[in-house]
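Visitor: Sequence and predicted structure, then a few things I'm wondering about:
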Amino acid sequence: MTDSTTNIRKELLLIVDDDPLVIESSTFLLKESFNIISASRRDEARLLLQNLREQPCIALVDLGLPPSPHTPEEGFALIKDLISFNSDIRILVLSGQNKDANIQHAMTIGAADFIAKPSDPETLKQTLQKQIVLINKEQTITNNNQRIIGNSDAINTLKTQIDLYAKTPFPVLIEGESGSGKELIAQELHNKSPQKNQKYLAINCAAFSSELLDSQLFGHKKGAFTGATGDQKGFFEETGKGTLFLDEIGEMPLELQSKLLRILENGEFYRIGETTPRTTETRIIAASNRNLSQMAFSGDFRPDLYHRLSVLSLRSPPVRERGNDKIELMQYFREKTKILPETFKLDDDAQKCWMQYQFPGNVREMRNIVIRLNTKYSGVTVSAKQLKDELESDFTSDFRQTSEKNNIESFFTADISLDEAISNYEKEIIMKALEIAEGNLSQTARILKTNRTTLYGKMQRLGINQ
């Protein structure tokens, strides 16, 4: 966006906070540097973004949002929502939910930094401006040097498959964890294909309601619904003979899956409100962080569509499986995100810690960690302790390994049944998670990757008092 009075481009900033005074004061403080849009709730922010032609490149969000302003769950969900609209968005958390566990988890799932309330105005302005400098620099480097980093066995296998699949006209399904680089794989498939000079467009199926996604993909006729003031092309028409990347395909509603299946079968589709079919030669690349095969088996995804999409399939390996790629990726991001001429270095213990860390947020988390290290420790050798301050607690793998070993060995020497052993193991895990979450039930449920109601039922059954 451009300020017409000064002809200087202002970046679009989204502020999400349920306190109107925070929005008002932040807008007053930052309006000279940014074009600002705001929302007070997660659902309001989603609706706002769905109707924007240009997505914000930076967001300032609170964790404690309605309907649960005293817990961080809505804020965590909003971070994921924002990334679904723009995978490169820089998210700064401005929140009073500033326990270490909340800070680290927010940054693991995609936030670039955390600012505790109340914040110093100048610190806030400087932090935002640094992110804008990094955004501009990364865009320049990315435009000139977009490639898959690493030489691990997993990555070399992936590169070989990309070279093979890129030359075919068939759809490709990319499966892998969030933040592992699925969109980069899709771009590589397009760049190495015969259609590389045609359009490449991407849409995240999780970012839109069913009606909006229908219109975005297939287009609509004037008057087809309220607000349809003119004919509108969808992504399939806009892409032409190029490549359309459908991210988070597992979130596509079943009624739209049948439309996508028709395109894969004969290239036909209908705009909303039209009865005359149109045709497309677009190549489809789809991606999901969910197990589509399991979803198809359970009826949550059309089996016939799954089999059509997975004619050729790729797996985006998580960072924890990529061995020495961790060092190469760190070096790449270190140079890509430096603001000052000098960058940080890791001492021997810190490098061991880096190699041992599991990176649950994958490449996205790694990039944000490197950004923070470059900001805090430019020209400095970072110790293991300083590095660990930037990492989310990785208790789960160590705890599971020792706990599983102890439980399995004790089962064969104890006079208990299998059901009793499973209950004891389950109780031990829940109590450990409660301890780490300092008794916070919602946070415990998040650590255990279950919902609060299910956890509460298990605690009652196992006799665990909160």
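Guide: Thanks, I have it.

Visitor: which secondary element of this structure has the worst mean pLDDT?
Guide: Ranking every helix and strand in the chain by mean pLDDT, DSSP states H and E puts helix 395-411 at the bottom, with a mean of 46.

Visitor: average model confidence for the helix or strand that it is followed by?
Guide: Sequence order places helix 418-436 as the next helix or strand after helix 395-411, per DSSP states H and E. For helix 418-436, mean pLDDT rounds to 79.

Visitor: now helix 418-436: how far from the chain's centre is it?
Guide: How far helix 418-436 lies from its chain's middle: 30 Å, per CA atoms, centre = their mean, to the nearest Å.

Visitor: packing partners for that helix?
Guide: Judged by 3 or more CB pairs under 8 Å, 6 or more residues apart in numbering; DSSP states H and E, helix 418-436 is in contact with helix 395-411, helix 441-447, helix 452-462. Yep, even glycine has a C-beta here, placed from its N, CA and C like the rest.

Visitor: what's the angle from that helix to helix 452-462?
Guide: Counting by axes from the mean of the first three to the mean of the last three CA atoms, to 10 degrees, helix 418-436 lies at 120 degrees to helix 452-462.

Visitor: which parts of helix 418-436 are buried?
Guide: Using 16 or more other CB atoms under 10 Å as the test for burial, helix 418-436 gives 421, 423, 424, 425, 427, 429, 430, 432, 433, 434, 436.

Visitor: Kindly report the same for stretch 262-277.
Guide: Quick answer for stretch 262-277 (16+ other CB under 10 Å): 263, 264, 269, 270, 271, 272.

Visitor: Residue 328 - how many residues pack around it?
Guide: Neighbourhood size, residue 328 [other CB atoms under 10 Å]: 16.

Visitor: cool, residue 221 as well?
Guide: Other residues within reach of residue 221, judged by other CB under 10 Å, total 17.

Visitor: got a list of what it touches?
Guide: 228, 231, 271, 272, 273, 274 (CB atoms under 8 Å, 6 or more residues apart in numbering).

Visitor: Look at the residue nearest to residue 33 when sequence neighbours are not counted and report its pLDDT.
Guide: The shortest distance from residue 33 to any non-neighbouring residue, by CB to CB, 6 or more residues apart in numbering, is to residue 10 (6.7 Å). According to the prediction, residue 10 has pLDDT 86.

Visitor: Residue 10 contacts residue 36, doesn't it?
Guide: No: taking contacts as CB atoms under 8 Å, residue 10 lies outside contact range of residue 36: 9.0 Å.

Visitor: just the strands in the stretch 1-150 of the chain please.
Guide: 2-3, 8-9, 11-16, 34-39, 58-61, 90-95, 113-116 (DSSP state E, counting those that start in this stretch).

Visitor: Nearest to residue 335, out of the ones you listed?
Guide: strand 90-95 (18.4 Å; CB to CB).

Visitor: Tell me the buried residues in the closest one?
Guide: 90, 91, 92, 93, 94, 95.

Visitor: Same question for stretch 57-68.
Guide: For stretch 57-68, by 16+ other CB under 10 Å, it's 57, 58, 59, 60, 61, 62, 63, 64, 65.

Visitor: can you check stretch 190-208 too?
Guide: Using 16+ other CB under 10 Å as the test for burial, stretch 190-208 gives 190, 193, 195, 198, 200-208.

Visitor: And the contacts of the longest helix seen in the chain?
Guide: Longest helix of the chain, by residue count under DSSP state H: helix 121-144. The contact list for helix 121-144 (CB under 8 Å, 6+ apart) reads 11, 13, 26, 29-30, 33-34, 57-58, 60, 88, 90, 92, 94, 112-113, 115, 336-337, 339, 371, 375.

Visitor: Give the burial count for residue 110, as a bare number.
Guide: Neighbour number of residue 110 under other CB under 10 Å is 22.

Visitor: Renumber starting at 2 from here on
Guide: From this message on, residue numbering opens at 2, which makes the last subject residue 111.

Visitor: separation between it and residue 88?
Guide: Residue 111 is 9 Å from residue 88, where distance means CB to CB, to the nearest Å.

Visitor: Residue 116 bridge partners, please.
Guide: residue 95 (DSSP bridges).

Visitor: I'd guessed it sits against residue 98; true?
Guide: No: applying CB under 8 Å, one finds residue 116 not in contact with residue 98, separated by 11.8 Å.

Visitor: Would you confirm that residue 261 belongs to a helix?
Guide: Yes: counting by DSSP: H, G, I helix; E, B strand; the rest coil, residue 261 is found in a helix.

Visitor: quick revisit: just checking, which of the buried residues of stretch 191-209 belong to helices?
Guide: Of the buried residues of stretch 191-209, the ones assigned to helices by DSSP H are residue 191.

Visitor: Domain boundaries for this protein, per the record?
Guide: Split into domains by automatic domain parsing, the chain comes to 3-145, 154-317, 320-389, 396-463.

Visitor: Touching the helix or strand hosting residue 368 from outside, list them.
Guide: Taking DSSP H and E as the criterion, residue 368 maps to helix 363-377. Residues outside helix 363-377 that contact it (CB under 8 Å, 6+ apart) are 84, 88, 108-114, 131, 135, 178-182, 319-320, 327, 330-331, 334-335, 338-341, 344-345, 360, 362, 383, 388, 391-393.

Visitor: cutoff 7 Å now
Guide: The contact list for helix 363-377 (CB atoms under 7 Å, 6 or more residues apart in numbering) reads 108-109, 111, 113-114, 131, 135, 178-182, 319-320, 330-331, 334-335, 338-340, 344-345, 360, 383, 391.
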